[in-house]
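Undergrad: sequence unknown, structure follows:
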């Protein structure tokens, strides 16, 4: 099952947010093995090609280990460098999960990993 991972910030600079989105997408693919791509909006009359959605990554499939500890650790490292960041995870059916820096600390990591894995894989 696919899901959309969104980067959320209180006062985002669009260029900085898009650069951060590109890096996170690349890190999820290259470091963790998640099949992730920038989410795009379809081309319109004004634009000849699809445009990237600001701060959104499409997770089309999971790596061999699933969306578990390693990707959560990538999100944790991003939130440590940019504490204003939050992450949103939305499944195709519309279910949403918001992840903030507090969720990426200490004892909650095991629970958060399970919740994210269940959300992406479509389990309840």
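TA: Thanks, I have it. This one's a predicted model, so the numbers in the text were calculated from it and none came from an experiment. Numbering: from 1, shown residues only.

Undergrad: quick one: pLDDT of residue 30?
TA: Here, the pLDDT recorded for residue 30 equals 90.

Undergrad: tell me how far residue 26 lies from residue 84.
TA: Applying CB to CB, to the nearest Å, the value for residue 26 to residue 84 is 21 Å. Yep, even glycine has a C-beta here, placed from its N, CA and C like the rest.

Undergrad: then residue 103?
TA: 15 Å.

Undergrad: show me which of these two is the more surrounded one.
TA: Between residue 103 and residue 84, counting by other CB atoms under 10 Å, residue 103 is the more crowded of the two (20 against 12).

Undergrad: which SS class is that one?
TA: helix (DSSP: H, G, I helix; E, B strand; the rest coil).

Undergrad: where does this protein dip in pLDDT?
TA: Scanning the chain for pLDDT under 70 picks out 1, 11-12, 41-52, 61-70, 106-109, 111, 115-124.

Undergrad: one more time with 80, if that's ok
TA: 1-3, 10-12, 40-54, 60-73, 83, 91-95, 101-124 (pLDDT under 80).

Undergrad: can you name the next helix or strand after the longest strand anywhere in it?
TA: Criterion DSSP state E: the longest strand present in the chain is strand 51-61. Next along the chain after strand 51-61, taking DSSP states H and E as the criterion, comes helix 69-81.
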